[in-house]
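Q: Fold the following, please.
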Amino acid sequence: MSEVRRAVCPGSYDPPTIGHLDVIERTAALFDEVYVAILVNPRKQGLFEVDERVEMLREITDGLPGVRVESFSGLVVDYCRDRGVEALVKGLRGATDYDYELPMAHMNRHLTGVETLFLPGAPGQVYVSSSLVKEVARGGGDVAPFLPPSVHRRLLERLGE
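A: Next up, the predicted model:
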C-alpha cells in the first residue's frame, strides 16, 4: 500500500483569487490530500472574517477531490506536523515573492523538515493579488476576471455595505 501524500497551501486568502484557485487545483493534481490553510492573525484585520474566507474557499474547491479547507493560528510547520504533511506549496508571481518566501522555506525545513514547493503563477495571472483586487474594486474597477464568480459577488456586497 502506498503512502498518502499530503500538502498544505497556506495563505490569508482575503479574498481568494483565481490565482489562488489555480495553485490549489494544480496542487490537488499532485497530492492525495491538500489542506488549504487560512492563517488566523489577530494583528491583521482583513476585509473578510476568517470564517467567511473558509466558506468561500470551500465553495470554490468543492469539486476538487482530497481538498480540505481549515483555519489555523501559530506556525504553519506545526500545522503541517499535526496533520502529517510533508510539503508546503506556494504560488510565486515573481522575484519579489521568491525573495520573501525563500528564507521562510529554509526556516520551515530547518524547524521540521517540511519542504516548500514553489509553483509559478499561471501566465496572465501573475499580477493578480488579493490586495490589488481589493484596491481596484474599491476604486470602482472591474475585478470580475480575477475572482471566482461567488467570491466576486461577495466582494461587491462587502464593498457596498
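Q: so how far is the longest helix belonging to the chain from its chain's centroid?
A: Secondary structure of the chain read by DSSP state H shows that its longest helix is helix 95-112. Distance of helix 95-112 from the chain centroid (Cα atoms, centre = their mean, to the nearest Å) equals 16 Å.
Q: May I see the buried residues of that helix?
A: Buried residues in helix 95-112, counted by 16 or more other Cβ atoms under 10 Å: 97, 101, 105, 108, 112. No exception for glycine: its C-beta is placed from N, CA and C like everyone else's.
Q: What strands line up against the following helix or strand past that helix, and which way round?
A: Next in sequence after helix 95-112, counting helices and strands by DSSP states H and E, comes strand 115-120. With DSSP bridges as the test, strand 115-120 is paired with strand 87-92 (parallel).
Q: Output the partner strand in PDB with nothing but the alpha carbons.
A: Below are the C-alpha coordinates for strand 87-92, written out as PDB (Å, rounded to 0.1, in the frame of the first residue of the first chain):
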ATOM      1  CA  ALA A  87       5.100  19.700   1.800                       C
ATOM      2  CA  LEU A  88       4.100  23.300   1.700                       C
ATOM      3  CA  VAL A  89       3.100  24.600  -1.700                       C
ATOM      4  CA  LYS A  90       3.300  28.300  -2.500                       C
ATOM      5  CA  GLY A  91       2.400  30.100  -5.700                       C
ATOM      6  CA  LEU A  92       5.000  32.600  -6.900                       C
END
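Q: neighbouring contacts of it?
A: For strand 87-92, the external contacting residues (Cβ atoms under 8 Å, 6 or more residues apart in numbering) are 5-10, 19-20, 22-23, 27, 31, 34, 76, 80, 97-98, 101, 105, 108, 114-121.
Q: I only care about those residues that end up buried; give me the PyMOL line for that.
A: What follows is the PyMOL syntax selecting those of those that are buried according to 16+ other Cβ under 10 Å:
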select buried, resi 6+7+8+9+10+19+20+22+23+27+31+34+76+80+97+101+105+108+114+116+121
